[in-house]
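K.L.:
Coordinates for the following, if possible.
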Amino acid sequence: MVDMIHRARILAYSGTFIALIAAGSWISIPLPPVPLTLQTLFVLLSGIVMKRYGVIPVALYVLLGAASLPVFHNGTAGLGVLLGPTGGFLIGFIPAALIVGLAYEHESPNYQVMGLIAATSVTYLFGVAWLAWSASLSLVQAVLLGVAPFVVGEVVKVLAAYAIGKRVA
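P.N.:
Alright, predicted model coming up:
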């Protein structure tokens, strides 16, 4: 019985977080070449709430977008988005959710904060590497375009995720 309840929660939370990540993609500030969105906040929250299972809705979100459902930033979709300059960031969401989820399986606030920071770093690591390669930029140019404009926003999202996580997790 407990196993069925656990599975039902995973299913319900997965649908909810797919919807939240998709909604967060519409809340964006268009900065070239990568927009600032609220997707990452909901990716972090999926790991906080669902622990290691938070990777499920994030992976499904990416798969739905790749399958041409308009769930990426501002309703974009398809493999073209994943192969474009933002693709690495989207793929980076998957390990990020897992990292946060594993960190939140520990009671220690230090683990949790480090998990949030590591997850955000991994998202940017994937994003910058792909941005540099896909747009034929140097690593320095990719960091200046794909990280520098977003640092303040990411710090705010990490702090918000931590604060929300203290309430819901």
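K.L.:
Lowest mean pLDDT among the helices and strands of the chain, which one is it?
P.N.:
Using mean pLDDT, DSSP states H and E, the weakest-scoring helix or strand in the chain turns out to be strand 28-29, at a mean of 79.
K.L.:
With adjacent residues omitted, what lies nearest to Glu154?
P.N.:
In space, Glu154 comes closest to Thr120 once its chain neighbours are excluded; the distance is 5.5 Å by Cβ to Cβ, 6 or more residues apart in numbering. From N, CA and C alone the C-beta is placed, and that goes for glycine too.
K.L.:
and that neighbour, how many neighbours does it have?
P.N.:
24 (other Cβ atoms under 10 Å).
K.L.:
And the strands in this structure?
P.N.:
All strands of the chain, identified by DSSP state E, fall at 28-29, 36-37.
K.L.:
can you redo these as CSV with distance to Val113 and mean neighbour count?
P.N.:
Converted to CSV, these look like this (distance: least, Cβ to Cβ, whole Å; neighbours: other Cβ atoms under 10 Å):
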stretch, distance to Val113, mean neighbour count
strand 28-29, 25, 12
strand 36-37, 22, 21
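K.L.:
With distance to Leu79 added, can I get the ones you listed in a markdown table?
P.N.:
Listed next are the strands of the chain as a markdown table, based on distance: least, Cβ to Cβ, whole Å:
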| stretch | distance to Leu79 |
| --- | --- |
| strand 28-29 | 21 |
| strand 36-37 | 19 |
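K.L.:
Test my guess that Phe17 contacts Ala59.
P.N.:
No - judged on Cβ atoms under 8 Å, Phe17 makes no contact with Ala59 at a distance of 10.9 Å.
K.L.:
the more surrounded of these two?
P.N.:
Under the neighbour definition other Cβ under 10 Å, Phe17 and Ala59 were set side by side, and Phe17 has more, 25 against 18.
K.L.:
Who are the contact partners of the more buried one?
P.N.:
By Cβ atoms under 8 Å, 6 or more residues apart in numbering, the residues touching Phe17 are Phe42, Leu45, Ser46, Val49, Met50, Gly54, Pro57, Val58, Tyr61.
K.L.:
sorry, back to before: give me the packing partners of the least confident helix or strand of the chain, helices and strands only.
P.N.:
Applying 3 or more Cβ pairs under 8 Å, 6 or more residues apart in numbering; DSSP states H and E, one finds that strand 28-29 makes contact with strand 36-37.
K.L.:
Name the residues that touch the strand it packs on?
P.N.:
For strand 36-37, the external contacting residues (Cβ under 8 Å, 6+ apart) are Gly24, Ser25, Trp26, Ile27, Ser28, Ile29, His73, Pro149, Phe150, Gly153.
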